[in-house]
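Trainee: Sequence first, predicted model second:
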Amino acid sequence: MSLTRIQVQRATTVSPWTRDFRHLLPVPKHFQNRQTWFDPITKAVRVKDRIKYWNVVPGDQICIRGDARKTIHEVLSINKFTNRVYLKGANLHEGKPYKTPVNRSVHYSRCMLYIGEQVGKATSVSEQPKAISVFARRIGVRDPHWDPILYRWNWKRLVLATDPYTLKTKIELEWPQPEERDHKEPNPLLDTTPETVREITYKPPVFTLSKLISLQSGATEKAYLRTLFNPSAVPFDTSAPMEVHLTKELSNPHSRAKKQARWQAAVKRKSTLFKKFIAQELRNINGRTIRDARAEAAFKYRQKLEEERKSEKKRRWLTKDRLAKTERKSKRKARKAEKQKEKLSQLVLRDAPNQFIPGKSARRQEA
């Protein structure tokens, strides 16, 4: 399935997990064309420049490569189509209240993950050693696999090179943990209290032994329907639970098993219909070859399927609203025709010399 323009425009995510690799799909060039000035700008790097396994994710602490102060920033979100990492709290329009706040973004290659602190060497005897922040200059991916329980890709992040240099190599970095949600006190006017949720309001019906025996013996649905339309035909226990006879009506008609059963029945019906046409044509060959008879049967079979398709389309088109509308139009046309007929039948013309009325004009001439 190809990408859509909305998916590319909303590619910036705050989730640290990789659930698929759709960000590696090619982006059509016409997505970058703006129809109006109000449309957002759509950007995407080439497919070969995109990163498959992202080791810098929201929640990590990083340092920008080349920063002499070694300032630690927290990752707010990432965009896998542009290889950009957005930092939390770094506003590009700081001090400009008339502009919309925009978080600062850096390229993925400029990010160094924060590992921890280590004690540095003292330059003199009197000076005490200081704590130095250690960052991951290069990170490797190990053991990528699909997690069927969490529905995401997992792998290990191993530090292959550090800044500054340390003797420890292949340090495994833990993934950032999500922040705990702050659960507010429930509002009694808007929220349901836990006591109300825990209250048991359903009371199951009590079945006697005779009802259970009659239920196990099985009163079929057809017997129930026959009793409805003809109560004196077959005796039926009216005390049996109604749910037994409403299984077909209350069950989901769109389940996979039922859809598969309907499809299998339709395929079987088409196959039986085709064999019926072939047998009918082979019984009446009338000088034709078997091949021509089978071809004629296939033609009639396709015609029959086309007629059934058109009739089914018409049946679906004739909904209750359309039938009611058609009935209203027919009644309106009938009333209009009746009024026109009544006007013509009650039409009265004044006598004039240029008129000819059969019977009346003949009596005038005789007079």
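Mentor: Noted; the coordinates are in hand. Numbers count the residues shown, from 1 in each chain.

Trainee: tell me which element R302 falls in.
Mentor: Secondary structure assignment for R302, by DSSP states H and E: helix 290-317.

Trainee: which stretches of this protein form helices?
Mentor: Counting by DSSP state H, the chain has helices at residues 5-9, 194-198, 209-217, 221-229, 247-250, 256-283, 290-317, 320-345, 360-366.

Trainee: Deepest-packed of the ones you listed, please.
Mentor: Of these, the one with the most neighbours on average (mean count of other Cβ atoms under 10 Å) is helix 5-9, at a mean of 15. No exception for glycine: its C-beta is placed from N, CA and C like everyone else's.

Trainee: circling back: let's have the helices of the chain in a markdown table, adding mean pLDDT.
Mentor: Converted to a markdown table, the helices of the chain look like this (pLDDT from 0 to 100):
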| stretch | mean pLDDT |
| --- | --- |
| helix 5-9 | 88 |
| helix 194-198 | 85 |
| helix 209-217 | 52 |
| helix 221-229 | 68 |
| helix 247-250 | 74 |
| helix 256-283 | 94 |
| helix 290-317 | 94 |
| helix 320-345 | 93 |
| helix 360-366 | 57 |
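
Trainee: mind giving me a markdown table with these and columns for distance to P353?
Mentor: Shown next, in a markdown table, are the helices of the chain (distance: least, Cβ to Cβ, whole Å):
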| stretch | distance to P353 |
| --- | --- |
| helix 5-9 | 81 |
| helix 194-198 | 96 |
| helix 209-217 | 95 |
| helix 221-229 | 75 |
| helix 247-250 | 79 |
| helix 256-283 | 74 |
| helix 290-317 | 58 |
| helix 320-345 | 24 |
| helix 360-366 | 10 |
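
Trainee: so which of those helices comes closest to C111?
Mentor: helix 5-9 (22.4 Å; Cβ to Cβ).

Trainee: would you put the C-alpha positions of that closest one in CSV?
Mentor: Extracted as CSV, the C-alpha positions of helix 5-9 are listed here (Å, rounded to 0.1, in the frame of the first residue of the first chain):
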residue,chain,number,x,y,z
ARG,A,5,0.1,13.0,1.4
ILE,A,6,-1.4,13.2,4.9
GLN,A,7,0.8,10.4,6.2
VAL,A,8,4.0,12.2,5.0
GLN,A,9,2.8,15.6,6.4
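
Trainee: Can you name the residues bridging to the nearest residue to W17 once chain neighbours are set aside?
Mentor: The shortest distance from W17 to any non-neighbouring residue, by Cβ to Cβ, 6 or more residues apart in numbering, is to R152 (4.4 Å). Legend: beta-bridge partners of R152 under DSSP bridges are D147.
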